[in-house]
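**Q** Can you look at this prediction? I've put the sequence above it.
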Amino acid sequence: MSAFINISVYKFAPLADLPELRLRLLQLTKAHSLRGTILLSPEGINLFMAGSPEGVEMLLTALRQRPGLETLTAKYSESAHQPFTRLLVRLKKEIIAFGVDGIDPAGRPTAKLPARTLKQWLDEGRPVTLLDTRNDYEVRLGTFRGALPAGIGHFRDFPAAVAKLPAALKQQPIVMFCTGGIRCEKSTALLRARGFDDIHHLHGGILRYLETVPADQSRWNGECFVFDGRVAVGHGLAPGTHELCHACRMPVSAEDRASPLYVPGISCPHCHDERSDAQRAGYAERERQVARAAELGIAHLGDRDG
C-alpha cells in the first residue's frame, strides 16, 4: 500500500477573509504533516498536497465547510514517497496568473466535456480542434495527436496567443485542454469573450483522460508534465520517465540525461548555455548543502515554508 495520498484541487469561487483562512490552513496542514502548495485568492483556491489519508481528508473536510467550497472535489493519486519538499500557503491576486480583468469562470462557466465523450467524438471523426493551452515545455513531453499548441512560454502569454488564432476557428467546435482543468476554466472564458462560440474544455484535464481512457484506445502521445515530484505521468497515471533539472526546473528526458551537458542539480541541455560558471557553482554548492541536510536528517533552509 502506498504511503502517501496526493490530491490536486481547484475551484473558482468568491473567497473572503483570506488572511484568516491562510492562517487556519497553515496550522491544519502543519499539524497533519502535509506538504505541498495552497494558493488562495479572491477568485478561488488551487492546491496540490500530499500526506496521510487521514490528514488529506481532514484538510478537505475543513475546506468544504467554507462558503463557496462546499462542493469541492479532489483528484487523488498515490505515491510511495512524499512528492513535495515543503509546505506553502500563499495569498495571490489570482489562483492562476492570467492578467486579464473581467474574466469570471465562476460566473460564466464553459461546458465541460468528459474524457469518454472526447474519445467518442474523436473515434467518430468529428471535426473538432483540440487546443493545448499549456506551456511549450509541457507540450514537448506529450499531447493529443493532431492538437494545436497555443505556442506560449507561460500562461500569461495566452491572451496574446489568442489574437493569433485563425478567425475561422470562431465558428468551429474547439475542445481546450490542460493538465487538470484550471487553466482551461480561464482560457475558455477568454475565448468566449473574444467571440469564439462553440467552446468546450476537457473535464478533469489530461490527468482525468489518462486515468479514464486505456492506452490502447487513447489519442494521447507521450507523457504529461505534473507540478510535483513525479515530474510526469502516463496512462493510468503511472510514473513517467522524465526528471526535473533543479537548475532551470525544466523536465529532462532520458536522452537529455545522457548528454554531457547534464549534471544533476547543476545544468541540463536546456539551460547549460544560459547559465554562467558562477551560477553553476552556486547550484553545485546548493546541491552539497541539500545532501548534507539529508545526511543530518534536517530540512534544508530552502524547503521551509515562507
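**A** That came in fine, so what should we check first? Numbers count the residues shown, from 1 in each chain.

**Q** List the residues that contact residue 239.
**A** 230, 232, 233 (Cβ atoms under 8 Å, 6 or more residues apart in numbering). For glycine as for every other residue, the C-beta is placed from the backbone atoms N, C-alpha and C.

**Q** hmm, try it at 6 Å
**A** Residue 239 makes contact with residue 230, according to Cβ atoms under 6 Å, 6 or more residues apart in numbering.

**Q** and it, bridged to which residues?
**A** For residue 239, the beta-bridge partners are residue 233 (DSSP bridges).

**Q** all helices for the stretch 101-250 of the chain, in order.
**A** 115-124, 136-141, 158-162, 182-193, 205-212 (DSSP state H, counting those that start in this stretch).

**Q** out of the ones you listed, nearest to residue 243?
**A** helix 136-141 (11.7 Å; Cβ to Cβ).

**Q** Where does the prediction get shaky in the stretch 201-306 of the chain?
**A** 297-306 (pLDDT under 70).

**Q** what about the longest helix in this structure?
**A** helix 277-296 (DSSP state H).

**Q** Contacts for that helix next, please.
**A** Helix 277-296 is contacted by residues 247, 265, 266, 267, 300 when judged by Cβ under 6 Å, 6+ apart.

**Q** ok, now stretch 188-199?
**A** Under Cβ under 6 Å, 6+ apart, the answer for stretch 188-199 is 103, 105, 108, 110, 162, 170, 173, 174, 176, 201.

**Q** and the first one, what does it touch?
**A** Pointing back at residue 103 there. Taking Cβ under 6 Å, 6+ apart as the test, what residue 103 contacts is 186, 189, 190.

**Q** any idea of the pLDDT on it?
**A** At residue 103, the model reports a pLDDT of 81.

**Q** Now do the buried residues in the longest helix of the chain.
**A** 280, 283, 286, 287, 290 (16 or more other Cβ atoms under 10 Å).

**Q** I'd like to know how far the last one sits from residue 85.
**A** In this structure, residue 290 and residue 85 are separated by 9 Å, where distance is defined by Cβ to Cβ, to the nearest Å.

**Q** and what of the third one?
**A** Using Cβ to Cβ, one obtains 13 Å as the distance from residue 286 to residue 85.

**Q** again with the fourth one
**A** When distance is defined by Cβ to Cβ, residue 287 is 14 Å away from residue 85.

**Q** With residue 282 instead?
**A** Taken as Cβ to Cβ, the span from residue 282 to residue 85 is 19 Å.

**Q** Format the contacts of residue 103 as CSV; extra columns: pLDDT and neighbour count.
**A** Formatted as CSV, the contacts of residue 103 follow (pLDDT from 0 to 100; neighbours: other Cβ atoms under 10 Å):
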residue, pLDDT, neighbour count
186, 90, 27
189, 90, 24
190, 91, 19
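
**Q** so which of those comes closest to residue 138?
**A** For these, the closest approach to residue 138 (Cβ to Cβ) belongs to residue 186, at 16.3 Å.

**Q** Would you mind measuring from that closest one to residue 110?
**A** Counting by Cβ to Cβ, the gap from residue 186 to residue 110 is 10 Å.

**Q** Then residue 96?
**A** Distance, residue 96 to residue 110, by Cβ to Cβ: 15 Å.

**Q** Likewise for residue 54?
**A** For residue 54 relative to residue 110 (Cβ to Cβ), the value is 36 Å.

**Q** Surely residue 49 is within a helix?
**A** No. Membership of residue 49 in a helix is not supported by DSSP: H, G, I helix; E, B strand; the rest coil, which gives strand.

**Q** surely it meets residue 32?
**A** No. Counting by Cβ atoms under 6 Å, residue 49 does not reach residue 32; the two are 9.9 Å apart.

**Q** Which of the two has more residues huddled nearby?
**A** Ranked by neighbour count (other Cβ atoms under 10 Å), residue 49 and residue 32 place residue 49 first, with 26 against 16.

**Q** list the contacts for the more buried one?
**A** 7, 34, 36.

**Q** What is the burial count for the closest residue to residue 271 other than its chain neighbours?
**A** The shortest distance from residue 271 to any non-neighbouring residue, by Cβ to Cβ, 6 or more residues apart in numbering, is to residue 248 (3.6 Å). Burial of residue 248 is recorded as 16 neighbouring residues (other Cβ under 10 Å).
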